[in-house]
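In: compute the structure for the input listed below.
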Amino acid sequence: MPFFSRLTDIVTCNLSSILAQAENPETALGEIIHEMQEGVAGAQRSVKTAGHNVARIESEIHTQREEAQRWLEEAKTALSSGADAQARMLLTRKHEVEDLIAGLEQQLQAAVSTHDHLQTTLHALEARLADARRRQAGGSETETTDVTGATVDSRQYRVDVELEALRQQLQQ
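Out: Okay, the predicted model is just below:
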């Protein structure tokens, strides 16, 4: 029996309530963890794909900016040799490329937003999976398990993450 129809169901579920209604909570918890693992794997694939989309669009913008610069340089060369009509045509091409860049930049903003949303959802799924694994192991409230199943102290983990973020800020 599937417990979740969407990834958001995993994020918003009340695990205690689901287990309280289950005929065999231990079996149900095992099935829930399996579904959560599949959800995390799917979310990881989605985050990876979204990251590739961001990189592809950034690369295309870079290529088009170089193209616009090339049209500008050619227009300068044409103008300096007295070919006004050719310089005008080359500047028209430059403006076309700049219009394309503007469209690509909007796509990039959407792709980055999608990637960020998927990354946040992935982290929420991982947190739910850690909670379910902790319950399955009979762990205490101060422990959590990461995606690989290794038990870590959640407070220490959060402190370590925050400490690393502070280091990165100080390096900038």
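
In: any idea how far Leu122 is from the residue most central in space within the chain?
Out: With distances taken as C-alpha atoms, centre = their mean, His115 lies nearest the centre of the chain, 3.1 Å away. In this view, His115 and Leu122 are 10 Å apart by C-beta to C-beta, to the nearest Å. For the C-beta atoms, the positions are set from N, CA and C on the backbone; glycine is no exception.

In: ditto for Glu66
Out: Taking C-beta to C-beta, one finds Glu66 at 34 Å from Leu122.

In: if we can go back for a sec, if I pick the residue nearest to the centre of the chain, what's in contact with it?
Out: By C-beta atoms under 8 Å, 6 or more residues apart in numbering, the contact set of His115 is Val47, Ala50, Gly51, Asn53, Val54.

In: buried residues, stretch 63-76. List them.
Out: Under the neighbour-count criterion of 16 or more other C-beta atoms under 10 Å, stretch 63-76 has Gln64, Glu67, Ala68, Trp71, Leu72, Glu74, Ala75 buried.

In: average model confidence for that stretch?
Out: The average pLDDT within stretch 63-76 is 98.

In: run the chain-centre distance for that stretch.
Out: Distance of stretch 63-76 from the chain centroid (C-alpha atoms, centre = their mean, to the nearest Å) equals 32 Å.

In: quick one: residues in contact with that stretch.
Out: In this structure, residues lying in contact with stretch 63-76 by C-beta under 8 Å, 6+ apart are Gln86, Ala87, Leu90, Leu91, Arg93, Lys94, Val97, Glu98, Leu100, Ile101, Leu104.

In: can you dump the C-alpha coordinates of it into CSV?
Out: Provided in CSV are the C-alpha atoms of stretch 63-76 (Å, rounded to 0.1, in the frame of the first residue of the first chain):
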residue,chain,number,x,y,z
THR,A,63,28.7,32.2,-25.8
GLN,A,64,26.1,34.7,-26.9
ARG,A,65,27.9,37.6,-25.1
GLU,A,66,31.1,36.6,-27.0
GLU,A,67,29.1,36.6,-30.2
ALA,A,68,27.7,40.1,-29.5
GLN,A,69,31.3,41.4,-28.8
ARG,A,70,32.5,39.9,-32.0
TRP,A,71,29.7,41.7,-34.0
LEU,A,72,30.7,44.9,-32.3
GLU,A,73,34.3,44.5,-33.2
GLU,A,74,33.4,43.7,-36.8
ALA,A,75,31.2,46.8,-36.9
LYS,A,76,34.1,48.9,-35.6
